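Q: Pasted the sequence and its predicted model underneath.
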Amino acid sequence: MPAAETTARPGGGEARHIRRVLVALDSSTACAVTLEVAASLAAATASELSGLFVEDQDLLHLAGLPFAREVQLGKVRPGESLSRDLDPAVLLRDLRAQAAVAREAMAKQAALHRLAWSFQVAKGRSEEALLLAAAAGDVIAVARGFGPMARFGRISREVRLIAARAPGPLLLAGAGGTLQAGPVLLPYDASPAAEHMLAIAADLAVTRRAPLEIMLLGETAPSVEDMAGSIRAAGGREPLPPLQIWIPRDRRAALHRLCALDRGLLVLPADEPWFENGQVEQIIERAKVPIVLQTEKAPSPA
């Protein structure tokens with residue numbers, strides 16, 4: 001494995017419970033969105049941005065089988081396709097070219113946000129290599145469809161395994177397109193899980209110059225002034241982002257808002273007692289925006 005390349009962090013500073021945002025990279029549009037959101041999170045928490053590109057050994061092994069063929073769609077007339085025999089050497093060369101593109105994209109995001117950064121290429125299975133590289137204090141940032149066999153728009157098998165075993169928070173990005181400007185939404189029930197994510201949500205809102213939307217759950221009913229005081233106590237961040245605080249009329253309305261949000265970011269404390277069995281997984285599966293997921297138990301999306 002090549003040594004990581006790093007740059008100095010202007011101004012120094014320690015992350016609030018986050019020391020590094022580790023981004024799983026490939027050449028897809030979804031990973032470009034993941035990198036953009038990951039850089040925002042690293043800037044918001046004064047963390048290092050670290051990229052990992054995996055030369056997936058399962059994919060290389062598949063390329064060596066005599067019946068394996070690559071089918072290309074979208075570059076020919078409708079109803080037609082091009083195919084070719086898979087060659088492990090050609091595939092490896094393509095992967096290394098993609099790694100170079102990913103490294104350049106990371107360098108640009110790090111420069112834009114003035115972040116310390118590193119990049120490395122690993123060999124192995126995608127999810128195993130990523131978990132091996134992760135440590136306590138890391139946020140793993142991954143596209144919902146990460147992995148060589150992912151289906152478009154679905155949470156891949158690799159991401160489910162990562163979510164079940166991640167040592168810390170997980171950043172799940174969307175399936176493609178660009179990150180749309182919008183609020184940072186935090187469902188809040190005054191539980192320890194919600195309090196833990198309050199400062200991160202506020203910092204993300206300030207960094208992205210976006211409003212912070214607080215959805216009050218259960219019996220929680222603080223005023224705007226009380227919430228502003230809680231945010232200051234949690235993070236000491238000045239100035240505060242614009243606050244939007246509201247109480248959903250019922251559980252159905254709350255879940256609809258969390259699943260239907262189509263702009264901005266969702267900060268999801270998965271251990272909030274308010275959520276019933278299976279509801280966090282439902283939100284993860286249906287969400288249209290990137291999710292910063294914090295849980296001590298790291299639930300597996302289903």
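A: Structure received.
Q: looking at the chain, which helix or strand does the model trust least?
A: strand 69-72 (a mean of 45; mean pLDDT, DSSP states H and E).
Q: Show the end-to-end separation of stretch 172-189, please.
A: 22 Å (Cα to Cα, to the nearest Å).
Q: How are the helices of the chain distributed by residue range?
A: For the chain, the helices defined by DSSP state H cover 29-44, 57-63, 88-113, 126-133, 157-165, 192-208, 224-235, 251-260, 279-286.
Q: Next, the angle helix 192-208 makes with the first one.
A: In this case it means helix 29-44. Using axes from the mean of the first three to the mean of the last three Cα atoms, to 10 degrees, one finds that helix 29-44 and helix 192-208 are set 100 degrees apart in direction.
Q: which parts of helix 29-44 are buried?
A: Judged by neighbour count using 16 or more other Cβ atoms under 10 Å, the buried positions of helix 29-44 are 30-44. Where you see a C-beta, it was placed from the backbone N, CA and C, and this is true even at glycine.
Q: Out of the helices of the chain, the one nearest I245 is which?
A: helix 224-235 (5.7 Å; Cβ to Cβ).
Q: For the closest one, give the mean pLDDT please.
A: Averaged across helix 224-235, pLDDT comes to 73.
Q: Then stretch 186-202?
A: Averaging pLDDT along stretch 186-202 gives 85.
Q: who are the neighbours in contact with P192?
A: D271 (Cβ atoms under 8 Å, 6 or more residues apart in numbering).
Q: quick one: low-confidence parts of this structure?
A: For the chain, applying pLDDT under 70 flags the ranges 1-17, 27-30, 58-88, 91, 147-156, 174-179, 234-238, 295-302.
Q: Of the buried residues of helix 29-44, which is the nearest to D94?
A: Among the buried residues of helix 29-44, and counting by Cβ to Cβ, the member closest to D94 is C31, at 15.4 Å.
Q: And the closest residue to Q279 other than its chain neighbours, how close does it get to L261?
A: Of all residues not flanking Q279 in the chain, L255 sits nearest, at 6.4 Å (Cβ to Cβ, 6 or more residues apart in numbering). Distance of L255 to L261, given as Cβ to Cβ, to the nearest Å: 11 Å.
Q: Name whatever forms a beta bridge with G124.
A: Here G124 sits in beta bridges with D56, as judged by DSSP bridges.
Q: Equivalent analysis for Q294, please.
A: P269.
Q: That one: neighbour count?
A: Here the number of neighbours of Q294 (other Cβ atoms under 10 Å) works out to 23.
Q: I'd assumed P169 was in contact with it.
A: Yes. Proximity of Q294 to P169 meets the contact threshold set by Cβ atoms under 8 Å, at 4.7 Å.
Q: Identify the bridge partners of the residue nearest the centre of the chain.
A: In the chain, the centroid-proximal residue (Cα atoms, centre = their mean) is L171; its distance is 2.5 Å. Beta-bridge pairing for L171 (DSSP bridges): A141, V292.
Q: ok, now which ones touch it?
A: Contacts for L171 (Cβ under 8 Å, 6+ apart) come out as 21, 34, 37-38, 41, 139-142, 290-293.
Q: same thing but at 10 Å, please
A: Counting by Cβ atoms under 10 Å, 6 or more residues apart in numbering, L171 makes contact with 21-24, 34, 37-38, 40-41, 139-143, 265, 290-293.
Q: measure it to K123 for me?
A: 24 Å.
Q: so who does T220 touch?
A: By Cβ under 10 Å, 6+ apart, the contact list for T220 reads Y188, D189, A190, S191, A194, I214, M227, I247, W274.
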